[in-house]
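Q: below: sequence and its predicted model.
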Amino acid sequence: MRFSVWPNPDRPPREILQIVRACERLDWHAAYVADHFMPNGPGDAAVRGDVLEAMTTLAALAASTSRIRLGTLVASATYRHPALAAKMFATLDHVSDGRVIAGLGAGWQQNEHASYGIELGSVRERVDRFAEYVAVVHSMLSNDQTSFEGSFYRLADAPCDPRPVQDDVPILLGVRGPRRTMAIAARYASVWNAWSDPGSLAEMNAVLDGHCQAIDRDPATLARSTQALLVLAEDEASLAEHRSSDGAPRAMIVGTPAEVVDIVAAYERAGCDELIVPCWTLGETPRAIETLELFSQEVARHFPG
C-alpha cells in the first residue's frame, strides 16, 4: 500500500512545503492539494478565509521537491476549460520532471460558484459536462492533437505541446456516483478516489469492478485510493475526545499506532492501493509533521508498497 499526504490549503505556503518535504523525506507516494477558492459554507454566501489556489501551489511544490508525486484532489471541471487544464497539467509535468497526477472532479461547492459567478448547474448537467471534460483532458494528455465535438466543449486539432514528460499521465477521478461517474472512472482513470471507511470502500470497489468488466477492462489496472481524517497518538488522553466518530462528516481513523495498524489493514483488505492522510486534524505544522513521522515509523512500515 502507498501513503500520501493532503495539506489543508489554509496553511501558509512555507508550511505546506515543510509538510510535503517531510513526506518526501519519509518516502511517501504523493502530496495533493485541494481545488477551492474559499472555505465552504451554507448556501450561496461567501465565506472569508485563506485558501491557496491549487495549480499555482502545485507549481511551487514541483519546483521545490524532487521525488514525491504531486496532484490535485481534485481539480473542478467547472473552473478551467479542459484544454487549459490539460496544458496546465502538462506544464506541471515538465516543472516536476514527470511527477504530476491529474486529479479531476465534477465540482460541488455552491458558495464559491455563486460568489465568483461560475455556473455549477444541476447534478445531471454537472455529470454530462464532466464526462466530456474528462474525455478532452485524457485525449490532450495522450495524443498529439485533439478534435472534439460535444454539447459543452468543441476542439479542432488542439495540440498540447510540449508533450508531458510521462508517457501516461495518471488521471485520478474523485467520484462516487455508482451509475455514471464511476463508469467514467472505469473508462478513463488510472486512479479512482473517494472518502471511505473500509466497509464502504469494499462496496464501491465492487461497483468499480463491475464497470471495468462491462468495458472489458481488467479491474486490477484501476488503482483505488481513499482518505480518512487521522487522529494518531501514543497516549490515551489525546485520543479520548475523538474515540466516538458519531456524526462526523468524514471518515476518521482514530487510535494508537497499534490500533491504526489494524484499521489500515482493514482498508488494505477492502482493496485500498493508496491511503491519503489529510492534515486537517493534525494540528499546527510542527505537530502535524511529528504525527506524520509517527505514522511512517509505526504504521506505514507494516505495509511495504
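A: Okay, I see it.

Q: ok, which stretches of the stretch 201-305 of the chain are helices?
A: 257-269, 285-298 (DSSP state H, counting those that start in this stretch).

Q: redo the ones you listed as CSV? Include distance to A131, mean pLDDT and mean neighbour count.
A: All C-beta atoms are positioned from the backbone trio N, CA, C, and that covers glycine. What follows is these, written out as CSV (distance: least, CB to CB, whole Å; pLDDT from 0 to 100; neighbours: other CB atoms under 10 Å):
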stretch, distance to A131, mean pLDDT, mean neighbour count
helix 257-269, 29, 98, 17
helix 285-298, 36, 98, 17
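
Q: residues near the closest residue to D197 other than its chain neighbours, how many?
A: Counting by CB to CB, 6 or more residues apart in numbering, A251 is the residue found nearest to D197 once chain neighbours are left out, at 4.7 Å. A total of 19 residues lie near A251 under the criterion other CB atoms under 10 Å.

Q: now the helices of the stretch 201-305 of the chain in TSV, with distance to I184?
A: Output for these, formatted as TSV (distance: least, CB to CB, whole Å):
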stretch	distance to I184
helix 257-269	24
helix 285-298	32
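
Q: for L61, which of the ones you listed is the nearest?
A: helix 285-298 (15.0 Å; CB to CB).

Q: in terms of secondary structure, what does that closest one contact?
A: Packed against helix 285-298 by the contact rule (3 or more CB pairs under 8 Å, 6 or more residues apart in numbering; DSSP states H and E) you find strand 2-6, helix 13-25, strand 229-232, helix 257-269.

Q: how about 10 Å then?
A: When contacts are defined as 3 or more CB pairs under 10 Å, 6 or more residues apart in numbering; DSSP states H and E, helix 285-298 packs onto strand 2-6, helix 13-25, strand 229-232, helix 257-269, strand 274-278.

Q: would you turn the ones you listed into CSV with distance to E132?
A: Formatted as CSV, those follow (distance: least, CB to CB, whole Å):
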stretch, distance to E132
strand 2-6, 27
helix 13-25, 32
strand 229-232, 33
helix 257-269, 33
strand 274-278, 27
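
Q: those: which one's closest to S147?
A: For the helices and strands packed on helix 285-298, distance to S147 was read as CB to CB. The smallest value, 33.8 Å, belongs to strand 274-278.

Q: what helices or strands is the closest one leaning on?
A: Strand 274-278 is packed against strand 2-6, strand 30-33, strand 191-195, strand 223-227, strand 229-232, helix 257-269, helix 285-298, with contacts defined by 3+ CB pairs under 10 Å, 6+ apart.
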